[in-house]
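Peer 1: Provide a 3D model corresponding to the input given below.
(chains A and B)
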There are 2 protein chains.
Amino acid sequence: MAEKKRLVVVGLGLIGGSLAMALKGFEDYEIVGVDISEPTLRYAAEHGVGDMVTGDAAGVLPGADVVVLALHPRGIVRFLQEHRERFRPGCLVTDVCGVKTAILEGARVLPEGVDFIGCHPMAGTEFSGIEHAFPELFQGSHWILVPRENSTDGHIALLERLAGHIGCRDVYRTTAQEHDAMIAYTSQLMHIIAVSVCDDPMLFACRGFEGSSFRGCTRVAALDVGLWTELFSMNRPALSAALDRLIGHLTAYREALDREDPKALAEKLSVSAARKRKMDLPGPDLLE
Amino acid sequence: MAEKKRLVVVGLGLIGGSLAMALKGFEDYEIVGVDISEPTLRYAAEHGVGDMVTGDAAGVLPGADVVVLALHPRGIVRFLQEHRERFRPGCLVTDVCGVKTAILEGARVLPEGVDFIGCHPMAGTEFSGIEHAFPELFQGSHWILVPRENSTDGHIALLERLAGHIGCRDVYRTTAQEHDAMIAYTSQLMHIIAVSVCDDPMLFACRGFEGSSFRGCTRVAALDVGLWTELFSMNRPALSAALDRLIGHLTAYREALDREDPKALAEKLSVSAARKRKMDLPGPDLLE
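Peer 2: Residues are numbered from 1 along each chain as shown, chains lettered A, B, ... in the order given. The predicted structure is shown next:
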């Protein structure tokens, strides 16, 4: 019997831990979880996260066919720098964080023959850490793929199968620049909205008056501060632009209210509501 | 055997229809649904919405012990005006719409002896019409109660039992002014955010890049334009103030990004995230 291939997940937080759970049984891969935290490794071992876990990244990298870096963005860049000589030729390295331009830039340190493809599963919760990980996290999510120019078709196909195995709805392929511009709008801006709504002085007084629209909008405000500070900082121009556009659209509604012209307000609302209906995002969401 | 009491729900849209479904079996009340639309009445009769349905409001009002007006705000004011002489003395009239100052003002046309208590179940979906009604709509929601000064304890207790019967989590009692200020922030502002996000030119291009935060924030953008135009217009000062506060908090984040100081950004995010964690809204939501 041929030896199993090895897929190493580095970083067993919410995303890495959920991935290591969801990947068990993926084709002929043995799933190895890596973390530097003893409590995390113990939790992972006790809960069967992956097929085995270890604190020794340097030891397992040379035997890895696929390495998934599930660290914070700056941690990914540092890890690539520190371990660049340990990846085996022909190995596929990937990451699952929320910015791509800076990561693909960081991946340039890898030696020739080591492929790097950036990934971003559009999944998450407002919690972090392995104790919140669960294998269904990716069910119904989009999986975004950012290959390099010389990424192999075989590795792209492998990641597509991987996304399918963990339950993703579909796989979109794009460039780092396009990814970062889109994500500034679809994800980072939603987090800025959520924290800004929670900055309102009425927050604590409003208990008992909130409905599902409030819960849906503010859910992600309880964010991982370290992670999101990096994501926002590493994608500042695109995020600032998205934020300026939003403030502009909110101000337009503010002015429409001021005009005290219900017909004009209704026309403006009709346009926005029709855009949303045309967008028609499938649901329901597992996590909301 | 004593004759059953009669609870009449006027307006069988999403809220009224769901209410008439959820109220079946409530104590010793017969639930009568009223609507002016023939297709709505047919749908209601075929799907057992309430115990009976009729298009004849004028005919059933004199025999009603409780009347729930589930119309749009201006429709409620008009209905009260038009039918004010038809309510029986001792009858309880209530409504379930999202503004209260204007409604309680409208209820002043009622003759002495007819009680009016404003209600607002904090439940809804982005859909409207009886075909989207379902009896579980109110499960886990807050029910807000706005009595008048001379509302009877018996009627308040009745509405508390009614809210319990349909599955509401709790009942909050407040004034019309406080209700409208709170709702401007917790509900109306969330709808303005959702439509404003959907006004972004990137909306259609971003398909495949959206995750649950985007779906959660924009879900309600597909709103009932006529209803929300009324709600916004009838609560303009409070909504404008909430919108100004939000634009201020978003601008503060815009400026924090501009300073390119990750430590300061992290501190700002910590404050907002801690506020959200302290708020600790129970979930999960049925509808998201």
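Peer 1: give the other helices and strands that the helix or strand where A:Glu267 lies contacts.
Peer 2: Secondary structure from DSSP states H and E places A:Glu267 in helix A:262-279. Judged by 3 or more Cβ pairs under 8 Å, 6 or more residues apart in numbering or on different chains; DSSP states H and E, helix A:262-279 is in contact with helix A:236-258, helix B:189-198, helix B:225-233. (Each C-beta comes from the backbone N, C-alpha and C, glycine too.)
Peer 1: turn those into a markdown table, including distance to A:Ala194.
Peer 2: A markdown table is the format used below for the helices and strands packed on helix A:262-279 (distance: least, Cβ to Cβ, whole Å):
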| stretch | distance to A:Ala194 |
| --- | --- |
| helix A:236-258 | 13 |
| helix B:189-198 | 10 |
| helix B:225-233 | 22 |
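Peer 1: between these, which one is nearest to B:Leu145?
Peer 2: Among the helices and strands packed on helix A:262-279, helix B:225-233 comes nearest to B:Leu145, with 18.7 Å by Cβ to Cβ.
Peer 1: who are the packing partners of that closest one?
Peer 2: For helix B:225-233, the packing partners by 3+ Cβ pairs under 8 Å, 6+ apart are helix A:262-279, helix B:73-83.
Peer 1: hmm, who's touching it?
Peer 2: Here helix B:225-233 makes contact (Cβ atoms under 8 Å, 6 or more residues apart in numbering or on different chains) with A:257, A:260, A:262, A:265-266, A:269-270, A:273, B:72-74, B:97-99, B:128, B:188, B:191-192, B:239.
Peer 1: of those, select the buried ones using a PyMOL command.
Peer 2: Per 16 or more other Cβ atoms under 10 Å in any protein chain shown, the buried members of the contacts of helix B:225-233 correspond to this PyMOL selection:
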select buried, (chain A and resi 257+262+265+266+269+273) or (chain B and resi 72+73+74+97+98+99+128+188+191+192+239)
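Peer 1: coming back round to it: just say which of the helices and strands packed on helix B:225-233 is most tucked in.
Peer 2: By mean neighbour count, with neighbours taken as mean count of other Cβ atoms under 10 Å in any protein chain shown, helix B:73-83 ranks first of the helices and strands packed on helix B:225-233 at a mean of 19.
Peer 1: what is the orientation angle of that helix with helix A:262-279?
Peer 2: On the basis of axes from the mean of the first three to the mean of the last three Cα atoms, to 10 degrees, helix B:73-83 is oriented at 130 degrees to helix A:262-279.
Peer 1: helix B:73-83: what's the following helix or strand?
Peer 2: strand B:92-95.
Peer 1: just checking, next helix/strand downstream of that next one?
Peer 2: Downstream of strand B:92-95 (by DSSP H and E), the next one is helix B:101-106.
Peer 1: quick check: buried residues in that following helix?
Peer 2: For helix B:101-106, the neighbour count (16+ other Cβ under 10 Å) marks B:101-104, B:106 as buried.
Peer 1: can you tell me if it touches chain A.
Peer 2: No. Helix B:101-106 does not reach chain A (Cβ under 8 Å from any Cβ of the partner chain); its nearest approach is 13.3 Å.
Peer 1: what are the contacting residues of the following helix or strand past that helix?
Peer 2: Note on helix B:101-106: by DSSP H and E, the next helix or strand toward the C-terminus is strand B:115-121. The contact list for strand B:115-121 (Cβ under 8 Å, 6+ apart) reads B:15, B:19, B:68, B:90-98, B:100, B:103-104, B:107, B:110, B:138, B:141-148, B:150-152, B:155-156, B:159, B:163, B:166, B:168, B:176, B:179, B:183.
Peer 1: go again using 7 Å as the cut-off
Peer 2: For strand B:115-121, contacts defined as Cβ atoms under 7 Å, 6 or more residues apart in numbering or on different chains pick out B:92-96, B:98, B:100, B:103-104, B:107, B:110, B:138, B:141, B:143-148, B:151-152, B:155-156, B:159, B:168, B:176, B:179.
Peer 1: just stretch A:254-274 next, same as before
Peer 2: B:195, B:198-199, B:221-223, B:225-226, B:228-229, B:232-233, B:236, B:239-240, B:243.
Peer 1: what do you get if the cut-off is 8 Å, keeping everything else the same?
Peer 2: Contacts for stretch A:254-274 (Cβ under 8 Å, 6+ apart): A:252-253, B:195-196, B:198-199, B:221-223, B:225-226, B:228-230, B:232-233, B:236, B:239-240, B:243-244, B:247.
Peer 1: A:Thr251 reaches B:Ile247, doesn't it?
Peer 2: Yes. Judged on Cβ atoms under 8 Å, A:Thr251 makes contact with B:Ile247 at a distance of 6.5 Å.
Peer 1: and the stretch 51-200 of chain A, which residues reach chain B?
Peer 2: Checking the stretch 51-200 of chain A against chain B by Cβ under 8 Å from any Cβ, the hits are A:122-124, A:141-142, A:144, A:170, A:172, A:179, A:181-183, A:185-187, A:189-200.
Peer 1: PyMOL command to pick out the buried ones of those?
Peer 2: Buried subset of those, written as a PyMOL selection, criterion 16+ other Cβ under 10 Å:
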select buried, chain A and resi 122+123+124+141+142+144+172+179+181+182+183+185+186+187+189+190+191+192+193+194+195+196+197+198+199+200
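Peer 1: for whatever residue of the stretch 1-150 of chain A ends up closest to chain B, which non-adjacent residue is spatially closest?
Peer 2: Across the stretch 1-150 of chain A, the shortest distance to chain B (Cβ to the nearest Cβ) belongs to A:Met122, at 3.8 Å. Closest residue to A:Met122 apart from its sequence neighbours, by Cβ to Cβ, 6 or more residues apart in numbering or on different chains: B:Gly211 at 3.8 Å.
Peer 1: pretty sure the one you found is touching A:Leu137, no?
Peer 2: No. Using Cβ under 8 Å as the test, B:Gly211 is too far from A:Leu137 to be in contact (11.1 Å).
Peer 1: what touches both of those two?
Peer 2: Contacts common to B:Gly211 and A:Leu137, judged by Cβ under 8 Å, 6+ apart, are A:123-124.
Peer 1: next, the distance between the ends of stretch A:5-15.
Peer 2: 22 Å (Cα to Cα, to the nearest Å).
Peer 1: tell me the gap between it and the middle of its chain.
Peer 2: Computed by Cα atoms, centre = their mean, to the nearest Å, the separation of stretch A:5-15 from the middle of its chain amounts to 14 Å.
Peer 1: and if you look at stretch A:96-103?
Peer 2: 9 Å.
Peer 1: what comes up buried for stretch A:51-66?
Peer 2: A:51, A:53-54, A:57, A:60-61, A:64-66.
Peer 1: so where's chain A uncertain?
Peer 2: Chain A contains residues with pLDDT under 70 at A:1-2, A:281-288.
Peer 1: if we go to 80?
Peer 2: A:1-3, A:280-288 (pLDDT under 80).
Peer 1: host element of A:Ile144?
Peer 2: strand A:142-147.
Peer 1: quick one, whatever helix or strand comes next after that strand and strand A:142-147 angle?
Peer 2: Next in sequence after strand A:142-147, counting helices and strands by DSSP H and E, comes helix A:153-165. Counting by the same axes, to 10 degrees, helix A:153-165 lies at 170 degrees to strand A:142-147.
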